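Peer 1: Predicted structure and sequence below. I'll ask about it afterward.
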Amino acid sequence: MNVDLYDFHLPEELIAQTPLVERSASRLLTLNKEDGSIKHHVFTDILDYLRPGDTLVLNDTRVIPARLFGIKEDTGAKAEVLLLKDVGNDRWEALVKPGKKLKNGAVIIFGDELKATIEAESDMGGRILKFSYEGIFNEILDRLGQMPLPPYIKEKLDDRERYQTVYSKVEGSAAAPTAGLHFTEELLSQVAEKGVDIAFVTLHVGLGTFRPMSVDRVEDHVMHDEYYILSQETADKLNETRARGGRVIAVGTTSARTLETVAQQCGTGPIVPSSGWTGIFIYPGYSFGLVNVMLTNFHLPKSTLVMLVSALAGREHIMKAYHEAIEQQYRFFSFGDAMLIY
């Protein structure tokens, strides 16, 4: 299957540069995955599409200020680091700039309290960095680091919390699970009042979600592993949802990938708690084991995320919905509008 099947022209002015003042004031496109019918709403209308007995599954990961700016110890040249994955013992997998000049053994200094030594190369052009510091790493990172906004966002973000969901809790992501940015605490309360259960998974978003595809055939792409957790409490809620005939609604592609990772492990049996690394790649032809409905933002052309939503709704339905969203001037990507596939 050719990657170009998932290409489309996106006018640059539709890439949202800043979040809306009100989280839930975004627009909502609804797509019926059975007949392809499309409707246009405001985000709070999502309540009309939720049913008592459904379970809304949210990714409670929290973005860390993962972008660090420093200098090479030997030359004083500028260096940039984007933390991707904590691999233990003060070691992180990271992307570095300029990559050609930051080889094994290079030392990068970030102010007086933090430095890193490049120990090894990792896959996909990354590096393994060993950090040394005095104090608590997360507190130092909070002081020195910047929020790792995607490269297509050029505007400065004044309020860090606008790149966090209101329910973010478990620190570890290099990017926000952006479908959840539309929810307010008030709206989540209204969801619960409607008789919809709310469950949480954790997937620390890394390079795998956003890395551009460098192959021509979809099947040849390899995802970058990301760490996930599905708790006993969430497993119980999912089993109860299935038993009562409710729908599992994934908020975002990261929640969907976590749920489907666990569904593959459990097969036809009950859902059990699980944690570990997942490199699941979902594209058309995939048969969903847990996810019935998905809330998601609008994604980049030829991205693995467009392929994932196409697996749920069908490529033709997704392409039609995207073209209509472009015609209707929807806002795209992280700070953009939302789509509910049901």
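Peer 2: Now that the structure is in, tell me what you want to look at.

Peer 1: For the rest of this, base every contact and every neighbour count on C-alpha atoms.
Peer 2: Fine.

Peer 1: okay, now the domains of this protein?
Peer 2: Per the record, the chain has its domains at 3-63+159-341, 68-144, by automatic domain parsing.

Peer 1: would you list those in CSV and tack on mean neighbour count, mean pLDDT and distance to Pro151?
Peer 2: Converted to CSV, the domains of the chain look like this (neighbours: other CA atoms under 10 Å; pLDDT from 0 to 100; distance: least, CA to CA, whole Å):
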stretch, mean neighbour count, mean pLDDT, distance to Pro151
domain 3-63+159-341, 19, 96, 10
domain 68-144, 16, 93, 12
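
Peer 1: Nearest to Pro150 among those would be which one?
Peer 2: domain 3-63+159-341 (7.7 Å; CA to CA).

Peer 1: Please produce JSON lines containing the domains of the chain, extended by distance to Tyr152.
Peer 2: As requested, these are exported to JSON lines (distance: least, CA to CA, whole Å):
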{"stretch": "domain 3-63+159-341", "distance to Tyr152": "8"}
{"stretch": "domain 68-144", "distance to Tyr152": "16"}
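
Peer 1: And Pro151, how far from Gly180?
Peer 2: Applying CA to CA, to the nearest Å, the value for Pro151 to Gly180 is 20 Å.

Peer 1: now swap in Gly314 and tell me
Peer 2: 23 Å.

Peer 1: cool, and Ser310?
Peer 2: Distance from Ser310 to Gly180, by CA to CA: 20 Å.

Peer 1: just Val42 next, same as before
Peer 2: Here Val42 is placed at a distance of 15 Å from Gly180 (CA to CA).

Peer 1: Give me the residue at the spatial middle of the chain.
Peer 2: Nearest residue to the geometric centre of the chain (CA atoms, centre = their mean): Pro177, 3.7 Å.

Peer 1: In the stretch 201-342 of the chain, what residue spans correspond to strands?
Peer 2: Listed in chain order, the strands found in the stretch 201-342 of the chain under DSSP state E, counting those that start in this stretch are 226-230, 248-251, 274-278, 293-297, 338-341.

Peer 1: Relative to the first one, what are the paired strands and their orientations?
Peer 2: To tie it back to what came earlier, the one meant is strand 226-230. Strand 226-230 has its sheet partners listed here by DSSP bridges as strand 197-203 (antiparallel), strand 274-278 (antiparallel).
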